[in-house]
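Student: Dropping the sequence and predicted coords here.
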Amino acid sequence: MNGATLTQCSSAVLHRRPANKLAANGVNGDSYYRAATKGAVEIIGGKKMGNGGSGNGRASFLSWTLQDAVYVARHHWIPCVFAMGLLFFMGVEYTLRMVPDSSPPFDLGFIATRPLHRLLSSSPQLNTLFAALNTAFVGMQTAYILWTWLIEGRPRATISALFMFTFRGILGYSTQLPLPQGFLGSGVDFPVGNVSFFLFYSGHVAGSVIASLDMRRMHRWEMAWLFDVLNVLQAVRLLGTRGHYTIDLAVGVGAGILFDSLAGKYEQSKSKMGSAAKESLLS
């Protein structure tokens, strides 16, 4: 199969040409669909192929035509964007001057929230108000996650939070980051009284993501969007008070998604084990 034929076959798979149109062109519909499916897999999947797809040790992209490249760029633009991002940040990484150990860490989030930091520094009462609101939001997260288990009998969010905070403790203790310069604490913030806390990663953000994901599973869309908005405001406030680095917040989002997924897999595995045990007892 040459490049042009593969592109035509792939297009046929995406658009699913009706069998009568294929027949009108003198082509057997089933055979054409099988060939198109194989061609699409060979183009996108990186399968080694030669003449007729028999394989001659060359990666498929080495035989791409311009049409094949355009097809991939149009229909798989997300991996292409990430590929460009890889090249861009390779250049940034290898040309960037590293921050010396005598200087504070560079944080783009701190630069973006400088006006907020100045405002909260000059107004301790406003900082205390924001801290109290943030603590109330943490209480809302905790109450919802416990509610899903204790009242609704759905433990996934609680299991996810247990996973998340345990691994946060392991990572937070393994690499203890310095407290950011200009940290603005408050006696009503959580943890109460500004006791020692782990910077990496943000449990505030991760807990909110876990609650929001559970709300979406239950089709509680308004509550989920409310939590997402409050989570964004929470992140801005944490940057403005220098309570977390930007990387803490970003990884907090990923941690919430990851541990929610792992909790779901844990539930599925236990359900399968229970079904298997029940079947063995019945048999």
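Tutor: Cool, got the structure. If you're wondering where the values come from, they're calculated on a predicted model, not measured in any experiment. Numbering: from 1, shown residues only.
Student: Pick out the residue closest to the middle of the protein.
Tutor: residue 254 (4.7 Å; C-alpha atoms, centre = their mean).
Student: where does the stretch 101-250 of the chain have low pLDDT?
Tutor: 192-194 (pLDDT under 70).
Student: And the helices in it, which stretches?
Tutor: 108-112, 114-122, 124-150, 156-174, 203-217, 221-240, 246-282 (DSSP state H, counting those that start in this stretch).
Student: Of these, flag the one that's most buried.
Tutor: Mean neighbour count (mean count of other C-beta atoms under 10 Å) peaks for helix 203-217 among the helices of the stretch 101-250 of the chain, with a mean of 24. Yep, even glycine has a C-beta here, placed from its N, CA and C like the rest.
Student: That helix packs against which elements?
Tutor: helix 124-150, helix 156-174, helix 221-240, helix 246-282 (3 or more C-beta pairs under 8 Å, 6 or more residues apart in numbering; DSSP states H and E).
Student: As JSON lines, the ones you listed with distance to residue 74 would be great.
Tutor: JSON lines is the format used below for those (distance: least, C-beta to C-beta, whole Å):
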{"stretch": "helix 124-150", "distance to residue 74": "41"}
{"stretch": "helix 156-174", "distance to residue 74": "37"}
{"stretch": "helix 221-240", "distance to residue 74": "31"}
{"stretch": "helix 246-282", "distance to residue 74": "28"}
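Student: quick one, which of those helices is nearest to residue 91?
Tutor: Of all the helices and strands packed on helix 203-217, helix 246-282 sits nearest to residue 91, with 20.7 Å by C-beta to C-beta.
Student: Could you give the separation of the closest one from the chain centroid?
Tutor: A distance of 16 Å separates the centroid of the chain from that of helix 246-282, by C-alpha atoms, centre = their mean, to the nearest Å.
Student: Tell me which other helices or strands that helix touches.
Tutor: Helix 246-282 packs on helix 108-112, helix 156-174, helix 203-217, helix 221-240, going by 3+ C-beta pairs under 8 Å, 6+ apart.
Student: Just the CA atoms of the longest one, as CSV, please.
Tutor: Translated: helix 221-240. Output in CSV follows, covering the C-alpha atoms of helix 221-240 (Å, rounded to 0.1, in the frame of the first residue of the first chain):
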residue,chain,number,x,y,z
TRP,A,221,-22.9,19.8,37.8
GLU,A,222,-23.7,23.1,39.5
MET,A,223,-21.9,22.0,42.7
ALA,A,224,-18.9,20.8,40.6
TRP,A,225,-18.6,24.1,38.8
LEU,A,226,-18.9,26.0,42.0
PHE,A,227,-16.0,23.9,43.5
ASP,A,228,-13.9,24.5,40.4
VAL,A,229,-14.4,28.2,40.6
LEU,A,230,-13.6,28.3,44.3
ASN,A,231,-10.6,26.1,43.7
VAL,A,232,-9.2,28.6,41.2
LEU,A,233,-9.8,31.5,43.6
GLN,A,234,-8.1,29.4,46.3
ALA,A,235,-5.1,28.8,44.1
VAL,A,236,-4.8,32.6,43.4
ARG,A,237,-5.0,33.3,47.1
LEU,A,238,-2.3,30.7,47.9
LEU,A,239,0.0,32.3,45.4
GLY,A,240,-0.8,35.8,46.6
